[in-house]
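**Q** Just the structure for this:
(2 chains)
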Number of protein chains: 2
Amino acid sequence: MTAEESQAVTMEAAVPDLATPVAVKPPGVVVIGAGFGGLEVAKALGRAKIGVTLIDRHNHHLFQPLLYQVATAALSASEIAEPARRILWRYRSVDVVLGTVVGVDRQARMVELDDGTRIPFSHLVVATGARTGYFGHDEWAEFAPGLKTLHDAQAIRSRLLMTFEKAEKATDPEEQRRLMTIAVIGGGPTGVELAGSIGELRRHTLVKDFRNIRTADARVLLVEAGPRVLPGFSEDLSRYALRSLEALGVSVRTGTTVEHIGPGELRFGGERLQAGLVIWAAGVAASPLGAALGVATDRAGRVPVDQTLRVPGAPDIFAIGDIAAFTNADGKLLPGLAQVAKQQGGHLGRGLARLIMTGRPLTPFVYRSRGNTAIIGRHAAVFEQGRFVLKGFLAWSAWALIHVYLLVGFQHRLTVSIHWLWRYLTYERGARIIRPED
Amino acid sequence: MTAEESQAVTMEAAVPDLATPVAVKPPGVVVIGAGFGGLEVAKALGRAKIGVTLIDRHNHHLFQPLLYQVATAALSASEIAEPARRILWRYRSVDVVLGTVVGVDRQARMVELDDGTRIPFSHLVVATGARTGYFGHDEWAEFAPGLKTLHDAQAIRSRLLMTFEKAEKATDPEEQRRLMTIAVIGGGPTGVELAGSIGELRRHTLVKDFRNIRTADARVLLVEAGPRVLPGFSEDLSRYALRSLEALGVSVRTGTTVEHIGPGELRFGGERLQAGLVIWAAGVAASPLGAALGVATDRAGRVPVDQTLRVPGAPDIFAIGDIAAFTNADGKLLPGLAQVAKQQGGHLGRGLARLIMTGRPLTPFVYRSRGNTAIIGRHAAVFEQGRFVLKGFLAWSAWALIHVYLLVGFQHRLTVSIHWLWRYLTYERGARIIRPED
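**A** Numbering: from 1, shown residues only, chains lettered A, B, ... in the order given. Take a look at the predicted model:
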């Protein structure tokens, strides 16, 4: 950043001189996080040719809704990840910085990166999302990986395939049984999708590969603390999801709280289970950056925001997506969904553009649900929007079409479609690579 | 392995009882390595329903000729890797074991894995290939990664993309120049393919992504110790490759020996170069397993074999592919090529099947070259078979068609075709993921 630029940054809400070549950017807005929310902010501001610096610790935007498919060897990592630079290159006023934010200096209006770089901001949008949360049991992370990043997905894929490899080699039937026991903790959409996908993987995809084990006999267990799976959906859909999981041979334990997770071991409801793999899908915690803002966060680490997505007491700092605690008109917190982040990002980006260009104040954000969806397996999915409910084949087809459409980039849409069609016809999964440890 | 099976193993050259169900395999042949050679041996023996144990330290077969495309973000890892189990599942007498061989006990006829497993053999085929070799300078490995495994390719891809990210962030022009200097050591096919592909990447793919640097200005350097690039081809094709590289803006230094490689630093011909990335494509060494056989290996660590691919003095041990030193009728050693390994594997597999089933002795191996090929860039490739020579667009198209055809699995052929077509039309590369370090 040149001296001119850093100076310009201090001009709050500067009206950009549109005649100025892009090289001398009218800087100002810093967005942290290239997720669904952050990207929308950057795009809306970029459309208005306002200078934006988008910071992310990865070089790619991740299409999280399909992360479970990377974890279960159906898709490869690059199919659900797109470089943030690539997505934003047309927006010439948007700068992308690869870096990890370690602090926010509200006084000096500076964001601090781990390499010591300080980036000034006129407005700051925090969109760093959520990470896996263990409800105070961080020691479980080692034995029960969560699913939030590409790294997580590849690690789960390797452990999943590896437990079958070990079982194939094992000579003790007891040990084989243990290795072929896979437990998923958490009955929300991610847990249900993982358990269903693993159920299909072990029954259809892997079954021909091994000689000494019958992978179809592998035990897949879904443990949920609440009274039913998919608690965010209506009771009818929960029952349908339960039936679909059981049809895949997945054992579902509801009303069961996990008491302990150790190496290859799980305790719940007084019972002790030896497992080859335990996956944690039971909870998320907001990104730790909320705390770094110096405002009081809620129990889950989220930053409370007002109706304009502003952090109270910090007129130029905003939070959107999973890290923000936004209370809807009905008094409920908005859920941590891609569509919430996306709508908030678009709304805030357009609002900030108006504010910076014309001085018009921000307007309240109103969430419009496009419906919730979860997939259990082949021909089995649920969709719910208000009173409109869909399940089975139709919901499953709609889910696939919508998710292919939402992927970034024509190329990914095409290859994901091919992989899905191929999997549908043959039960094959093309990404069965165990990550080399060397 | 059951007691019955281990017993059966000791029956050398046992004729399998075809009426016996597959569960009680007539064991015997152990193949180490699921590369081009090892797979062909396993398939030929599998076709004859002879018991085979194929051991590899990875769960996948790797299509090495396209590894440079993973290293340069054009393809994703799973597109050039296929689980060995998947490739061999139809051959019911072939067992696949994921494991690392640490020793061969010739007396006891046992292969030893790193986890302590001992696998008996009646015949042993060593097909463990080659690894990157630094000519006694193993300390260079840290600063100049080689390209032999998926892990290598992903590491090079991350370092390659990362050096541009760092340059974008750097404020010192001197430092930017250093970071945007990429040196490839070795002017054989791999070095030429890497340098050409990086030349195109920086000029066409990345050029729109950055704001502070012009990636097209990045310096790409190819250093070759011998008098010309592609020394395995005719002089005319070497000159063509040199011209094609120079057209891509790659600086080629022939007759230049590397004297020192340090962190971000390279010394050759008395010159000192600061570089953002150095890639080593200058040499390979045979897999260390050759030494473990207890026979004298040649300078490159290869195991000398006779005309039937047998290790001298070890009537039941064979070596094929890059680990074997096979002297052709013309007195020359066969080169380390996929087609050599493949032909040797097929020949040996069929020969062993005949030997085991009927007792007929092994026949000498005769290599039939299908021609050599190397790709420099768009519309630029070379092909040579004896006196028949092809270069330019035709060679390039033929190269692409043949490589897609040779890929394992219809799905990979289709998606690789799509990625290539897409890249051809748009210069885009879909796998630009920097591997997360967390």
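
**Q** In terms of helices and strands, where is whatever residue of the stretch 301-438 of chain A ends up closest to chain B?
**A** When distances are taken as CB to the nearest CB, the stretch 301-438 of chain A approaches chain B most closely through residue A:431, which lies 4.0 Å from it. C-betas here are computed from N, CA, C, even on glycine. Secondary-structure element containing residue A:431, defined by DSSP states H and E: none, the residue being outside all helices and strands.

**Q** That one is in contact with residue A:75, isn't it?
**A** Yes: in terms of CB atoms under 8 Å, residue A:431 counts as a neighbour of residue A:75; the distance is 6.1 Å.

**Q** which parts of stretch A:77-97 are buried?
**A** Residues of stretch A:77-97 classed as buried under the neighbour-count rule (16 or more other CB atoms under 10 Å in any protein chain shown) are A:77-89, A:91-97.

**Q** Show me those residues that map onto strands.
**A** By the criterion of DSSP state E, membership of those in strands covers A:81, A:82, A:83, A:94, A:95, A:96, A:97.

**Q** if we can go back for a sec, between residue A:431 and residue A:75, who's got more neighbours?
**A** For residue A:431 versus residue A:75, neighbours defined as other CB atoms under 10 Å in any protein chain shown are more numerous around residue A:75 (27 against 22).

**Q** how about the nearest residue to the more buried one, chain neighbours excluded?
**A** Once its chain neighbours are removed from consideration, residue A:75 has its nearest residue in residue A:69; the separation is 4.5 Å (CB to CB, 6 or more residues apart in numbering or on different chains).

**Q** who's in contact with the one you found?
**A** For residue A:69, the contacting residues are A:75, A:80, A:197, taking CB atoms under 8 Å, 6 or more residues apart in numbering or on different chains as the criterion.

**Q** Just the pLDDT for it.
**A** Among the per-residue scores, residue A:69 shows a pLDDT of 95.

**Q** Which of the three states applies to it?
**A** Taking DSSP: H, G, I helix; E, B strand; the rest coil as the rule, one finds residue A:69 in the helix state.

**Q** How about residue A:261?
**A** Using three-state DSSP, the structure places residue A:261 in strand.

**Q** correct me, but it touches residue A:143?
**A** Yes: with the criterion set as CB under 8 Å, residue A:261 and residue A:143 qualify as a contacting pair; they are 5.0 Å apart.

**Q** which of the two has more neighbours?
**A** Each of residue A:261 and residue A:143 has its neighbours counted (other CB under 10 Å); residue A:261 has more, 23 against 17.

**Q** What is the subsequent helix or strand relative to the helix or strand of chain A with the lowest mean pLDDT?
**A** Among the helices and strands of chain A, helix A:3-10 carries the lowest confidence by mean pLDDT, DSSP states H and E, at a mean of 38. On the C-terminal side of helix A:3-10, the nearest following helix or strand under DSSP H and E is strand A:29-32.

**Q** So for that next one, mean pLDDT?
**A** When pLDDT is averaged over strand A:29-32, the result is 98.

**Q** That one and chain B, any residue contact?
**A** No: if you take CB under 8 Å from any CB of the partner chain as the test, strand A:29-32 misses chain B, and the best it gets is 14.6 Å.

**Q** Adjacent strands (with direction) for that strand?
**A** strand A:52-56 (parallel), strand A:123-126 (parallel) (DSSP bridges).

**Q** list the buried ones in it?
**A** Applying a neighbour-count criterion of 16+ other CB under 10 Å, one finds A:29, A:30, A:31, A:32 buried in strand A:29-32.

**Q** can I get those residues in CSV with distance to residue B:307?
**A** Shown next, in CSV, are the buried residues of strand A:29-32 (distance: CB to CB, whole Å):
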residue, distance to residue B:307
A:29, 72
A:30, 70
A:31, 67
A:32, 66
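
**Q** SS state for residue A:44?
**A** Using three-state DSSP, the structure places residue A:44 in helix.

**Q** gap between it and residue A:353?
**A** According to CB to CB, to the nearest Å, residue A:44 and residue A:353 sit 6 Å apart.

**Q** got it, and residue A:205?
**A** Residue A:205 is 48 Å from residue A:353, by CB to CB.

**Q** got it, and residue A:295?
**A** As it turns out, when the distance is counted by CB to CB, residue A:295 lies 25 Å from residue A:353.

**Q** of these two, who's got more company?
**A** The residue with the greater number of neighbours, taking residue A:295 and residue A:353 and applying other CB under 10 Å, is residue A:353; the counts read 20 against 17.

**Q** what does the stretch 51-200 of chain A put close to chain B?
**A** Contact residues, the stretch 51-200 of chain A versus chain B (CB under 8 Å from any CB): A:57-60, A:76-79, A:81, A:83, A:85-86, A:89, A:92, A:95-99, A:115, A:117, A:149-151, A:161, A:165, A:168-169, A:171.

**Q** Chain neighbours aside, what residue packs nearest to the residue nearest to the spatial centre of chain A?
**A** Note on chain A: the residue nearest the mean C-alpha position is residue A:64, at 4.0 Å, using CA atoms, centre = their mean. Across the structure, with CB to CB, 6+ apart as the measure, the residue nearest residue A:64 apart from its sequence neighbours is residue A:338 (6.6 Å).

**Q** Residue A:235: what's it in contact with?
**A** The neighbourhood of residue A:235, defined by CB under 8 Å, 6+ apart, consists of residue A:228.

**Q** before we move on, back to that, now do the residue nearest to residue A:75 against chain B, distance only.
**A** Distance of residue A:69 to chain B, computed by CB to the nearest CB, to the nearest Å: 12 Å.

**Q** just to revisit the earlier point, quick check: neighbours shared by residue A:261 and residue A:143?
**A** Residues touching both residue A:261 and residue A:143 comprise residue A:278, with contact defined as CB under 8 Å, 6+ apart.

**Q** Number of residues surrounding residue A:255?
**A** Using other CB under 10 Å, residue A:255 is surrounded by 11 other residues.

**Q** Can you spell out which residues form a bridge with residue A:279?
**A** Listed beta-bridge partners, residue A:279: residue A:184 (assigned using DSSP bridges).
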